[in-house]
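1. Provided below are the primary sequence and the corresponding predicted coordinates.
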Amino acid sequence: MAPEPVIKGVLGVQKKKGLEQRFFTLYDDHLAYYRSEEEFQNGEEHRGRVGLEDMTAVRVQEDGFALVLGEQELKVVVNDEEIRKAWVKQLQKVIPDKVKEEGEESEEEEEE
C-alpha cells in the first residue's frame with residue numbers, strides 16, 4: 001500500500017501562460033502534482049515530482065510559496081490564508097531548515 005501524503009490539495013502553479021490549478025501531494029521525501037484530484041485518486045502517474053532533497057529553499061510569500069530548485073523556481077499560489085498556513089506548517093515539518101518566511105532576513109537586518 002502506498003504511503004499517505006502529509007498534506008494534499010489543489011494549488012495554483014504560476015506558468016508563463018498564467019495560473020494553472022494542480023492537485024499537489026506532499027510526502028516525507030517528495031512533492032508530486034497531478035492535473036486533478038481524480039488522477040491522484042485513480043492511481044494515475046503524477047505529472048511532476050520534486051524530491052525534497054532537491055529543494056534548496058522554500059520562500060513563503062503572502063500569496064503562497066516558491067520552491068527554489070537551484071537556479072529554477074516554482075511559484076505556488078494559494079489564495080486561502082488557512083490553506084497556505086497548513087501547507088507551510090507541513091513543509092516546515094518535512095524540511096525545517098529550508099523554509100523561510102518572506103522578509104525574514106530583512107527584519108533581522110532592521111533590528112541591528
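-> That came through fine. Numbers count the residues shown, from 1 in each chain.
2. could you use CA atoms for every contact and neighbour count after this?
-> Fine.
3. quick check: longest helix of the protein.
-> Secondary structure of the chain per DSSP state H: the longest helix is helix 81-94.
4. send me that one as PDB with only the CA atoms.
-> Extracted as PDB, the C-alpha positions of helix 81-94 are listed here (Å, rounded to 0.1, in the frame of the first residue of the first chain):
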ATOM      1  CA  GLU A  81      -4.700  32.000   4.000                       C
ATOM      2  CA  GLU A  82      -5.600  29.000   6.100                       C
ATOM      3  CA  ILE A  83      -4.600  26.600   3.400                       C
ATOM      4  CA  ARG A  84      -1.400  28.500   2.800                       C
ATOM      5  CA  LYS A  85      -0.600  28.200   6.600                       C
ATOM      6  CA  ALA A  86      -1.400  24.500   6.600                       C
ATOM      7  CA  TRP A  87       1.000  23.800   3.700                       C
ATOM      8  CA  VAL A  88       3.700  26.000   5.200                       C
ATOM      9  CA  LYS A  89       3.400  24.100   8.500                       C
ATOM     10  CA  GLN A  90       3.700  20.700   6.800                       C
ATOM     11  CA  LEU A  91       6.700  21.900   4.700                       C
ATOM     12  CA  GLN A  92       8.400  23.100   7.900                       C
ATOM     13  CA  LYS A  93       7.900  19.700   9.400                       C
ATOM     14  CA  VAL A  94       9.400  17.800   6.500                       C
END
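5. and the contacts of it?
-> Outside helix 81-94, the residues that touch it by Cα atoms under 8 Å, 6 or more residues apart in numbering are Val6, Ile7, Asp28, Asp29, Val60, Asp63, Gly64, Val78, Lys98, Val99.
6. and which of those is nearest to Val50?
-> Nearest to Val50 among the contacts of helix 81-94 is Asp29, at 8.8 Å by Cα to Cα.
7. and that closest one, what does it touch?
-> Applying Cα under 8 Å, 6+ apart, the residues near Asp29 are Gly51, Leu52, Glu53, Val94.
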